[in-house]
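Q: sequence-free structure coming up:
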């Protein structure tokens, strides 16, 4: 899942908190143009795979998405 910190209705961190409360676990990439060290740490503590500044999105975002997808597949295979 790719989340932005600033989304209409519910921000990315609130979405991650809600997912955890519901017991939903998936790989999450947080993209933001409004980031800070505090929000990066919170996202990682909530289980985000990575936290990327949108200014750097062309520098490896696709690679990060593919790596997160692969990690999710490995995790699911181990659980089977």
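A: Arrived safely, thanks for sending. On a predicted model such as this, the values are computed, not experimentally measured, just so you know. Numbering: from 1, shown residues only.

Q: drop to CA atoms for contacts and neighbour counts, all remaining ones
A: Noted.

Q: Name the residues that touch the worst-scoring helix or strand of the chain on mean pLDDT?
A: In the chain, no helix or strand scores lower on mean pLDDT, DSSP states H and E than helix 61-79, which sits at a mean of 81. Residues outside helix 61-79 that contact it (CA atoms under 8 Å, 6 or more residues apart in numbering): 26, 27, 28, 29, 49, 50, 52.

Q: cutoff 6 Å now
A: Contacts to helix 61-79, defined as CA atoms under 6 Å, 6 or more residues apart in numbering, come from residues residue 27.

Q: Repeat that for stretch 29-38.
A: By CA under 6 Å, 6+ apart, the residues outside stretch 29-38 that reach it are 2, 3, 4, 5, 48, 49, 50, 51, 52, 53, 54.

Q: okay if I get those as a markdown table plus secondary structure, distance to residue 38 and pLDDT?
A: What follows is these, written out as a markdown table (DSSP: H, G, I helix; E, B strand; the rest coil; distance: CA to CA, whole Å; pLDDT from 0 to 100):
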| residue | secondary structure | distance to residue 38 | pLDDT |
| --- | --- | --- | --- |
| 2 | strand | 19 | 87 |
| 3 | strand | 17 | 90 |
| 4 | strand | 15 | 89 |
| 5 | coil | 12 | 87 |
| 48 | coil | 14 | 93 |
| 49 | coil | 16 | 90 |
| 50 | strand | 14 | 89 |
| 51 | strand | 11 | 90 |
| 52 | strand | 13 | 86 |
| 53 | strand | 13 | 80 |
| 54 | helix | 17 | 72 |
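
Q: Now, of these, which are buried?
A: Neighbour-count burial (16 or more other CA atoms under 10 Å) applied to the contacts of stretch 29-38 gives 3, 4, 5, 48, 49, 50, 51, 52, 53, 54.

Q: now, which of those residues sits nearest residue 22?
A: Nearest to residue 22 among these, counting by CA to CA, is residue 48 at 16.0 Å.

Q: could you list every residue that touches the residue nearest to the closest one when sequence neighbours are not counted?
A: Closest residue in space to residue 48, ignoring its immediate chain neighbours: residue 28 at 4.8 Å, by CA to CA, 6 or more residues apart in numbering. Counting by CA under 6 Å, 6+ apart, residue 28 touches 1, 2, 48, 49.
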